[in-house]
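**Q** what shape does this take:
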Amino acid sequence: MLELAILGFLYDAALHGYELRKRITALTGHVRPVAESTLYPAIKRLEKAGLLVRETQPGTVAAPRHVLNLTAAGRQELRRRLADPARGDITDENRWFTLLAFLRHLDDAQAQAGVLRRRLAFLEEPASFFYDGERPLSAEELGDPFRRGILTIARATSRAELAWLRDTLASLDGSVR
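**A** Numbers count the residues shown, from 1 in each chain. From the prediction side, this is the model:
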């Protein structure tokens, strides 16, 4: 997720590490705060893999700063990760939102639709946070008001996302014709 966010934000614009961290935190920090001790090793791994380069620019007030840019290989890697996301990127809501934030960089509407169809299929599978054996329980079956609340909120969120997915898929399918 972190590497995808780094690649995605740098696809948009060259950034220095502090600005990159602020943008990633705005996208995912409410769930997983981004510490410097996590971000900079990820940047170094991507740099070592040839996916980004670090350039030194003179500072306007302070010392020189390092600006990160994607390489052509980095742009290609982002598009590859977007076109063929791991199952966890589809099923985990936080990873899904990170993927979705950059899906526009996948230029092919059919490829975008393919990713959305995978999420749609996942959301259409019967599921719950609570089970009776193998059978998923609905909110109405729970006596615990807090667990019922979890399922009620999740149902409303899923309905909204399903509606958005169907509308967006219809739009993408229409643009391809």
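**Q** low-confidence ranges, the protein, go.
**A** Applying pLDDT under 70 to the chain flags the ranges 29-32, 59-62, 175-177.
**Q** do a quick rundown of the strands in it.
**A** Ranges of strands in the chain, per DSSP state E, are 15-16, 52-57, 65-70, 131-132, 135-136.
**Q** next, format these as CSV and append mean neighbour count and distance to Leu116.
**A** For the C-beta atoms, the positions are set from N, CA and C on the backbone; glycine is no exception. Formatted as CSV, these follow (neighbours: other CB atoms under 10 Å; distance: least, CB to CB, whole Å):
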stretch, mean neighbour count, distance to Leu116
strand 15-16, 16, 28
strand 52-57, 14, 28
strand 65-70, 17, 24
strand 131-132, 10, 28
strand 135-136, 12, 24
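**Q** who does the longest helix along the chain touch, helix- and strand-wise?
**A** Longest helix in the chain, counting residues (DSSP state H): helix 145-176. Applying 3 or more CB pairs under 8 Å, 6 or more residues apart in numbering; DSSP states H and E, one finds that helix 145-176 contacts helix 109-124.
**Q** the helix it packs on to helix 145-176, inter-axis angle?
**A** 160 degrees (axes from the mean of the first three to the mean of the last three CA atoms, to 10 degrees).
**Q** fine, thanks again, bye for now.
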